[in-house]
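Trainee: This is a predicted model, with the sequence first.
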Amino acid sequence: MIYLETSRLQLRDWEKTDLEPFSRLNADEQVMKYFPKTLSTEETYAFYKSVLSEFKECGFGLYAVEVKENKEFIGFIGFHRTTFEADFTPCIEIGWRLKKEAWGKGYATEGAAVCLQYGFNKLGFHDVYSFTADVNAPSKKVMIKIGMSFIKMFNHPKVEKDSPLNKHVLYHIKQK
């Protein structure tokens, strides 16, 4: 099922054929630069299964993204229920991960913007958050471009305290 479309993208259900390119994306050191580690094929499969479970449980999740022009899978954009312990959780998080060949084309911003509209207008969200390692300038730019506001810095409880990725930024947007 296609949930959302833009002029260039389709945000849709996951297909088994997405697993191989998704595994390559998660194993790419450049793509995973702002995450604690790359993911193995087995870890990617477990992540895929958790995404499917969240769709079944919540009716939303991280949508598979493909370029309309060539039907190429480029990653995911969408929502996740964040439940780790923090003063802003539980919350709805918007996030994205695209293969490096798709970077610099505005796809993350385009897809995230249409997701926010869908989340507020169809899913009934009132607040959406996003966070990333402070050193992740590209994702912070997307957060700003889609109208999110900086809230604060925090230490991510699931990232090693001595890691350069521990310090995170938190962004937020409310339904207008």
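Mentor: Received it, and whenever you're ready, just let me know what you need.
Trainee: If you average pLDDT per helix and strand, which one of this structure comes out bottom?
Mentor: Taking mean pLDDT, DSSP states H and E as the measure, the chain has strand 2-5 as its least confident helix or strand, at a mean of 95.
Trainee: Just checking: what are the partner strands of that strand?
Mentor: strand 9-12 (antiparallel) (DSSP bridges).
Trainee: sorry, back to before: could you pull out the buried residues of the least confident helix or strand of the chain?
Mentor: Of the residues in strand 2-5, 3-4 count as buried by neighbour count, 16 or more other CB atoms under 10 Å. From N, CA and C alone the C-beta is placed, and that goes for glycine too.
Trainee: Over to stretch 67-85?
Mentor: 73-80, 82.
Trainee: Taking the centroid of this protein, which residue is nearest it?
Mentor: Centroid-nearest residue in the chain: residue 95, 2.1 Å away (criterion: CA atoms, centre = their mean).
Trainee: about what we covered before: pull the most distant pair out of the buried residues of stretch 67-85.
Mentor: In the buried residues of stretch 67-85, two members sit farther apart than any others by CB to CB. They are 73 and 82, at 24.4 Å.
Trainee: on that earlier part again, now do the least confident helix or strand of the chain: distance to the chain's middle.
Mentor: 16 Å (CA atoms, centre = their mean, to the nearest Å).
Trainee: go on, stretch 77-93?
Mentor: What separates the centre of stretch 77-93 from the centre of its chain is 11 Å, taken as CA atoms, centre = their mean.
Trainee: For the protein, give the strand that spans the most residues.
Mentor: The longest strand of the chain (DSSP state E) is strand 72-82.
Trainee: Alpha carbons of it, in PDB - could you do that?
Mentor: Output of strand 72-82 as PDB, limited to C-alpha atoms (Å, rounded to 0.1, in the frame of the first residue of the first chain):
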ATOM      1  CA  GLU A  72      14.200   2.400  -6.600                       C
ATOM      2  CA  PHE A  73      14.200   1.700  -2.900                       C
ATOM      3  CA  ILE A  74      16.200   4.400  -1.200                       C
ATOM      4  CA  GLY A  75      15.500   4.000   2.600                       C
ATOM      5  CA  PHE A  76      12.800   5.000   5.000                       C
ATOM      6  CA  ILE A  77      11.100   8.100   6.300                       C
ATOM      7  CA  GLY A  78       8.300   8.000   8.900                       C
ATOM      8  CA  PHE A  79       7.300   7.700  12.500                       C
ATOM      9  CA  HIS A  80       8.300   5.600  15.500                       C
ATOM     10  CA  ARG A  81       7.000   5.400  19.100                       C
ATOM     11  CA  THR A  82      10.100   6.300  21.200                       C
END
